[in-house]
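> Sequence and predicted structure below; questions after.
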Amino acid sequence: ALAADRVLPRRLGNRSRCVLGGAVGTAASALLCLDISGWGLFLLGLGLGLFIPANNTAVMAAVPRRLSATAGGMVNMTRGIGTALGIAIVTLVLHSAGDGARIAFAALAAVAVVATATGLVARTPGEPST
């Protein structure tokens, strides 16, 4: 996430970074379903590093300035809830199913597809579509 501004072209806006990060996360989750865990985990971290900061920036850009403190609190709250639920659900799947890891990574891939799709259809004020 820290190096993304230096590595990616400047013309790549938040929406494009969300789509790219979501696509990389989807591919990484698919690799993890196939037990190619070394590269899958690396790519998953890369995809999340691209998606999360760009998504948060896009959300905050869509909120009127007078509501930015409230929106920032909501972003932090949803990140905490998402982390807690994600850990709980993945742990439940890993322990309850015989092939829990594949199921968990397949679910993660499905969520990554949804995240990528929202990046494709969402419009950030003032940002051109890709």
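Right, received. Where do you want to start?

> distance between stretch 14-25 and the chain's centre?
Relative to the centre of its chain, stretch 14-25 is centred 8 Å away, using Cα atoms, centre = their mean, to the nearest Å.

> Next: stretch 13-32.
Relative to its chain's centre, stretch 13-32 lies at 7 Å (Cα atoms, centre = their mean).

> Rounded mean pLDDT for it, please.
Mean pLDDT, computed over stretch 13-32, is 89.

> got the buried residues for the helix or strand that residue 111 is a member of?
In this assignment (DSSP states H and E), residue 111 forms part of helix 100-121. Residues of helix 100-121 classed as buried by neighbour count (16 or more other Cβ atoms under 10 Å): 103, 104, 105, 107, 108, 109, 112, 113, 115, 116, 119. Placement of C-beta: from N, CA and C, glycine included.

> Can you tell me the closest non-neighbouring residue to residue 34?
Using Cβ to Cβ, 6 or more residues apart in numbering and skipping residues adjacent in sequence, the residue nearest residue 34 is residue 40, 7.9 Å away.

> quick one: buried residues of the helix or strand encompassing that neighbour?
Take DSSP H and E as the rule and residue 40 turns out to sit in helix 37-61. Neighbour counts over helix 37-61 (16+ other Cβ under 10 Å) mark 40, 43-44, 46-56, 58-59 as buried.

> Low-confidence bits of this structure, can you list those?
Low-confidence segments of the chain (pLDDT under 70): 1, 36-37, 97-98, 123-130.
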